[in-house]
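> Dropping a prediction and its sequence here:
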Amino acid sequence: MATPASQNLGRVAVKRLQKEIIEWQNNPPPGFKLNPTDDLSRWTIEFDGATDSFYAGEHFQLQVQFPEKYPLESPEVVFAGNPPVHPHIYSNGHICLDILYDSWSPAMTMSSVCISILSMLSSATEKERPADNDRYVKTCRKGKSPKLTIWEFHDDKA
């Protein structure tokens, strides 16, 4: 990956992302594909739903935007295209998952984030949108980062 947009990233972020890319190439999370891009701060990741879940046979794409202070700050991770129908995933692709916000740790990597998202999908007990999907999507203007949302994490069953 080339790094023309790396000037938007701090030096620590650039080093960390370069290390994560090498680790991904050597040991990718099972079932995930990192699509090369010329912008180190933006990743596109593809994966399929687990075979023993509601999402078997479905294909998904994540868009990742890394902040200047990554890994001290969490990346913005959203579903692109047609997001899965899930109680913690809004129809605009925003994901209500605590590790992407309040519970982020600099020890986490994009590989661990991907595994967490797949685990969240695989443990779904029903295939439906969040109860407040329509209201949230309507009030969440196009282009608004999910990191600007004040999330409430109270349901770990879905």
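Everything's here; your move.

> center of the chain, which residue is that?
residue 77 (3.1 Å; C-alpha atoms, centre = their mean).

> mind checking the SS state of that one?
Judged by DSSP: H, G, I helix; E, B strand; the rest coil, the three-state class of residue 77 is strand.

> what is it paired to in the beta sheet?
With DSSP bridges applied, residue 77 shows beta-bridge pairing to residue 64.

> Surely it touches residue 100?
Yes: counting by C-beta atoms under 8 Å, residue 100 is a contact partner of residue 77 at 5.6 Å. All C-beta spots, glycine's among them, are computed from the backbone N, C-alpha and C.

> one step back: residues in contact with the residue nearest to the centre of the chain?
Residues in contact with residue 77, defined by C-beta atoms under 8 Å, 6 or more residues apart in numbering, are 62, 63, 64, 95, 100, 113, 117.

> Of those, which belong to helices?
Secondary structure assignment (DSSP state H) places 113, 117 from the contacts of residue 77 within helices.

> those helices in this protein, which residues are they?
With helices called from DSSP H, the chain shows them at 11-26, 110-122, 133-139.

> Many thanks, I have nothing further to ask.
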